[in-house]
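Student: sequence plus the predicted model coming up.
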Amino acid sequence: MACRYNAAAGRAEHFIADNEKSLIESIGSKYIQSFTSDAFSRLERDGRYAIVATPCQIDSLRRLIERRGMSDNVVFIDFFCHCVPSMLVWKSYLESVEDKIGKVTYASWRNKFGYGWHDSWIMSLDNADIAGRQYMAEREGAYESRMSQGDMFYKLFLGGVAVNPACHESCRFKYDSSSADIRLGDMWGDTYAGDEKGVSAVVAFTGRGRDLIESLEGITLVEHPFDVVAEGQMRHNAPVKLLQPMVLWLLGHGVGTESLIFKSVLTTQRIIDKIKRILT
C-alpha cells in the first residue's frame, strides 16, 4: 500500500498496488495529507502487505493491524516527516496554477531532473496525460516553480505559516521515534553533502526491518551510526509563526495566494522574523 496523487480529485490518496506497474503511480513525494479510508478499509485479513505512510498514520495503522491479528503479514514503512500543511494551502495553490494552465492532470513535488539533489524543491505541474514522467517540457501547459526562486507552495509548507495544528502540537514521531519497521529519508548531512545524485537513508527499527533491508538485491548498503543518517532531520515538531492564524483565515475565506493582501501578510511575517533574529 502506498500513496499516489489523484489529479481528478486534487488530492493525495493511499491505494493498494498489486503489481509493479501500478506501484509506479506512487513514485515521488506528496507534501499534502493523504486520503486513507478507502485503502485502509480494503485490507484483507489473510493478505500480505508492505505499507508506506506518514509516521502518525503508521502508528495508528499498526494498532489496527495488531487488533486484527495480521501483524505477521505486514511490513510498516514510514519516513522522516517535516509536517503536513493545511489542505487549504494546496487547494489555493492549485487554483492559482490552474488559472494559468488549465486543469492540472500531473503533479511532481520534487523534480530532480536537471537540477541535482540539493536544488530539487521544484513543483512541476502539467495539464497533459504524462503520469510517471520525471521532467517537464518547456511548452504551453507545463508549469514549473522552484523553492529557490520563491515558489509559493514551498514558502507556506516550509515557512511555518500553514502547519497542520496536529503536526505542531501532537507529533510524537520526530527523529528516532517510530512505530515502523523501516524509516526512509534523504542523507542531508555532511557525509554526502557533495553528492548531487543524492543518497537515500534507510533505517531499520525492528529485526524484521533489518532482515528485509539486508535481503534487498541490486543496491549498495553502507552502514552508518543513526546520528549520521539522521543528520539534518528534524528533532522537534514544526514551528508555527505568529501570523499563521491570519494566513489560514485568509485561505479559508477564499483569499488567493497571489493576492496583494496575502503577499502583504507574508511580508509582514518576514519582517517579524528578521526583528526577532536581530533582538536575539
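Tutor: Structure's in. What do you need? Numbers count the residues shown, from 1 in each chain.
Student: which residue is nearest the centroid of the protein?
Tutor: residue 31 (3.4 Å; C-alpha atoms, centre = their mean).
Student: that one contacts residue 162, doesn't it?
Tutor: No. Counting by C-beta atoms under 8 Å, residue 31 stays clear of residue 162, with 11.0 Å between them. Using the backbone N, CA and C atoms, a C-beta is placed for each residue, glycine as well.
Student: overlap in contacts, the two.
Tutor: Both residue 31 and residue 162 are in contact with residue 85, where contact means C-beta atoms under 8 Å, 6 or more residues apart in numbering.
Student: quick one: end-to-end distance for stretch 231-247.
Tutor: 31 Å (C-alpha to C-alpha, to the nearest Å).
Student: which residues touch that stretch?
Tutor: With C-beta under 8 Å, 6+ apart as the test, stretch 231-247 has contacts from 80, 82-83, 156, 159-163, 167-169, 171, 174-175, 185-191, 262, 265-266, 268-269, 272-273.
Student: which members of those residues occur in helices, if any?
Tutor: 156, 167, 168, 169, 262, 265, 266, 268, 269, 272, 273 (DSSP state H).
Student: separation between the last one and residue 213?
Tutor: Yep, that's residue 273 we're talking about. 40 Å (C-beta to C-beta, to the nearest Å).
Student: show me this structure divided up by domain.
Tutor: Listed domain ranges for the chain are 2-84+169-229, 87-162+241-279 (source: automatic domain parsing).
Student: mean pLDDT lowest where, among those domains?
Tutor: The minimum mean pLDDT among the domains of the chain belongs to domain 87-162+241-279 (a mean of 86).
Student: that one: how far from the chain's middle?
Tutor: Mean-position distance between domain 87-162+241-279 and its chain equals 14 Å (C-alpha atoms, centre = their mean, to the nearest Å).
Student: how long is it from one end to the other?
Tutor: Span of domain 87-162+241-279 from end to end, C-alpha to C-alpha: 34 Å.
Student: when you give positions from now on, start the count at 822
Tutor: Sounds good: first residue 822 from here, last item domain 908-983+1062-1100.
Student: residue at max distance from the center of the protein?
Tutor: Quick read of the chain (C-alpha atoms, centre = their mean): farthest out is residue 1100, 33.4 Å.
Student: any idea how far the residue lying closest to residue 1093 once chain neighbours are set aside is from residue 921?
Tutor: Closest residue in space to residue 1093, ignoring its immediate chain neighbours: residue 1063 at 5.8 Å, by C-beta to C-beta, 6 or more residues apart in numbering. Counting by C-beta to C-beta, the separation of residue 1063 from residue 921 is 31 Å.
Student: and the closest residue to residue 1026 other than its chain neighbours, how many residues sit next to it?
Tutor: Leaving aside its sequence neighbours, residue 1026 sits nearest to residue 999 (C-beta to C-beta, 6+ apart; 5.2 Å). By other C-beta atoms under 10 Å, 24 other residues sit near residue 999.
Student: one more: residue 1092?
Tutor: Using other C-beta under 10 Å: residue 1092 sits among 10 other residues.
Student: and it, how far from residue 1079?
Tutor: For residue 1092 relative to residue 1079 (C-beta to C-beta), the value is 20 Å.
Student: do residue 900 as well
Tutor: Distance from residue 900 to residue 1079, by C-beta to C-beta: 31 Å.
Student: what of residue 899?
Tutor: 34 Å.
Student: next: residue 916.
Tutor: For residue 916 relative to residue 1079 (C-beta to C-beta), the value is 9 Å.
Student: could you do residue 1007 as well?
Tutor: For residue 1007 relative to residue 1079 (C-beta to C-beta), the value is 30 Å.
Student: again with residue 856
Tutor: According to C-beta to C-beta, residue 856 and residue 1079 sit 26 Å apart.
Student: ok, the nearest residue to residue 1012 once chain neighbours are set aside - how many residues close by?
Tutor: Distances taken as C-beta to C-beta, 6+ apart put residue 1049 closest to residue 1012, at 5.8 Å, once the chain neighbours are dropped. As a burial measure, residue 1049 scores 14 neighbours (other C-beta under 10 Å).
Student: on that earlier part again, what sits against the residue nearest to the centre of the chain?
Tutor: By C-beta under 8 Å, 6+ apart, residue 852 lies in contact with 903, 905, 906, 930, 974, 978.
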